Every structure is written in structure tokens, then in C-alpha cells.
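Colleague: Below: sequence and its predicted model.
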Amino acid sequence: MRVALFVTCVNDTLFPGTGRAVVTLLRRLGVDVEFPRGQTCCGQMHANTGYRDEAVRLARRSVAVLRGYDAVVVPSGSCAAMIREQYPKLTGPSGPFADAVDRVVAVTYELTEFLVDVLGVTDVGASFPHRVTYHPTCHSLRGIHLGDRPLTLLRQVKGLDLVPLPGAEECCGFGGTFALKNADVSAAMCADKVRAVLDTGAEVLCAADNSCLTHIGGMLARQKSGVRVMHLAEILGAAEPAGAAGRPVSAR
């Protein structure tokens, strides 16, 4: 199986540790993962704000870079939803390029989908002795319908104390450009989410999207709460077997 890591521009620019955690995790499970160097933004921001031509160009570029792989793993419910839901609409229903889009869409998985549905794994050999709560981001919850896959994986992590998040399915208020255009509403929604996180007594808040974690984590930090935010991949990759570190990611 040829597996590509589509790291997303947010992770590549701001949270490279998430991409490294995905590689660590997949290699622990015997998967050789490649990092296609030609990848850029998936185009979600452009599509959501009306820059259709730019979004189409980015979609076509991504498909050209990712075609030919047996699986494309994305550590972001938001960007996985963009590829699967929006690429077919942006690029059209017919023609040779539409076939390439369909092939890429069919093999694109958010990380937990790939672990549970493709590899058939729920215990990834992780160890993380901390009290953790999980926030299901809107795209992962309502876009690609991750369901309980992330929770199933977290429950198998050695030493991890998983506590439910009150009002878990409520939006954190980020919503990409929504947080910029509707700052007061966004901040109020985030305040509600932060209160729920603090009510759990968790040491760590995790999610499948660093964008939402940035939003919530910013308010947690300003309140000096002491609660850390971590991408789910970093928790699942927390137990690395001896000798697995230091290998470069193959790229093309």
C-alpha cells in the first residue's frame, strides 16, 4: 500500500509536530508513508470565501499530486471534508480530470478513519497517562461523520483517563473566517466551550483539527487555565518503540 500524508497547510506552517506524530504512528503500525512535496493548501479557505477560481486551481494541484496513491491520510477532519465533499463540485462531474478526482476522493481518509476502517486497528500501542477530554470538531462530526472512532482509539491508550466533554457537539466558534467576520459571536461560543473544558478537570483537550484547538487553546491560555491542547495524532503517537526515531520521511 502506497500511503501519502496530506499534512494540511495549517499543520505544515504552525504545527509540524502533528505531521511527525502521524508518521511515527503509522510507522509503528507497519505503514510506509510518503510526503508528496508538491502538496499545498487544499483550497478550503478560498472556496468558503468565494474565490472559486483559486479553489479550483488548488484542488486540481492537490489531485495531481495525490493521484496514484492507495490511500491519502489527512490529520484534519476539516481538510478531509474539503477534498471529499467540495473537490467533485469544484472540478465538475465529467471528463478525464473528474475521474482522477473521484479516485483521490475514494482513497482520502481522516487519520482515525484510516486507523479504524482501513487498518482495522483500535489499540495503536500508545501510552499517555493524563486526564483527557475530546472535542469533536464540526467538520469531523457533521462533514465526514467520524462518529466514535476517535473515542474508540483514545479508550485504548494506556494510562489515559478519558472524561466526557459537556456539550461536546456544540461548535467552538472558530469556523475559519467566521471567527474574523463575527468576532464577538465567535468569542462567546468559545467561552462556552472553554467553560465546558474546565468543568471536566482535564489536563489536556484534544481534537482532530488544530484550527479549532488554536481557537480554544488561545482562550484557555489567556485565562491561564493550565489546560494543554493537543492534536489527537500526538496522543496516539506518544509511545514510540525503541529504534523507530530518526528515519526521514520519504518524499517525492
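Modeller: Nice, I can see it.

Colleague: Could you measure from the residue nearest the centre of the chain over to Arg222?
Modeller: The residue at the geometric middle of the chain, judged as the C-alpha nearest the mean C-alpha position with C-alpha atoms, centre = their mean, is Ser76 (1.8 Å). Relative to Arg222, Ser76 is positioned 24 Å away (criterion: C-beta to C-beta, to the nearest Å). Yep, even glycine has a C-beta here, placed from its N, CA and C like the rest.

Colleague: ok so, going back, what sits against the closest residue in space to the residue nearest to the centre of the chain that isn't next to it in sequence?
Modeller: If you skip the residues right next to it in sequence, Ser76 has Thr8 as its closest partner in space, 4.8 Å away by C-beta to C-beta, 6 or more residues apart in numbering. By C-beta atoms under 8 Å, 6 or more residues apart in numbering, the residues touching Thr8 are Cys41, Cys42, Val74, Pro75, Ser76, Cys79.

Colleague: ok, those vs Ala126, which is closest?
Modeller: Pro75 (14.9 Å; C-beta to C-beta).

Colleague: so that closest one makes contact with Val10?
Modeller: No: taking C-beta atoms under 8 Å as the definition, Pro75 is not a contact partner of Val10, at 9.9 Å.

Colleague: So which of the two has more stuff around it?
Modeller: Under the neighbour definition other C-beta atoms under 10 Å, Pro75 and Val10 were set side by side, and Pro75 has more, 29 against 20.

Colleague: Check what pLDDT the more buried one gets.
Modeller: Residue-level confidence at Pro75 comes out at 97, pLDDT.

Colleague: Could you pull out the strands in the stretch 101-250 of the chain for me?
Modeller: Shown for the stretch 101-250 of the chain, the strands assigned by DSSP state E, counting those that start in this stretch span residues 108-110, 131-134, 161-162, 204-207, 228-231, 250-251.

Colleague: Can you flag the weakest of those strands by average pLDDT?
Modeller: The stretch with the lowest mean pLDDT among the strands of the stretch 101-250 of the chain is strand 250-251, at a mean of 40.

Colleague: With just CA atoms, put the top helix by length along the chain into PDB.
Modeller: With DSSP state H applied, the helix covering the greatest number of residues in the chain is identified as helix 183-200. Listed in PDB are the C-alpha atoms of helix 183-200, where the atom choice follows Å, rounded to 0.1, in the frame of the first residue of the first chain:
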ATOM      1  CA  ALA A 183     -15.600  38.000  16.300                       C
ATOM      2  CA  ASP A 184     -17.900  38.800  19.100                       C
ATOM      3  CA  VAL A 185     -20.200  35.800  18.400                       C
ATOM      4  CA  SER A 186     -17.100  33.600  17.900                       C
ATOM      5  CA  ALA A 187     -15.600  34.600  21.200                       C
ATOM      6  CA  ALA A 188     -18.800  34.000  23.100                       C
ATOM      7  CA  MET A 189     -19.100  30.500  21.600                       C
ATOM      8  CA  CYS A 190     -15.500  29.800  22.500                       C
ATOM      9  CA  ALA A 191     -16.100  31.000  26.100                       C
ATOM     10  CA  ASP A 192     -18.900  28.400  26.400                       C
ATOM     11  CA  LYS A 193     -16.600  25.700  25.100                       C
ATOM     12  CA  VAL A 194     -13.800  26.700  27.500                       C
ATOM     13  CA  ARG A 195     -16.100  26.600  30.500                       C
ATOM     14  CA  ALA A 196     -17.200  23.100  29.500                       C
ATOM     15  CA  VAL A 197     -13.500  22.000  29.200                       C
ATOM     16  CA  LEU A 198     -12.700  23.400  32.600                       C
ATOM     17  CA  ASP A 199     -15.600  21.600  34.100                       C
ATOM     18  CA  THR A 200     -14.100  18.300  33.100                       C
END
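
Colleague: for it, packing partners?
Modeller: Contacting helix 183-200 under the criterion 3 or more C-beta pairs under 8 Å, 6 or more residues apart in numbering; DSSP states H and E are the following elements: strand 131-134, helix 210-222.
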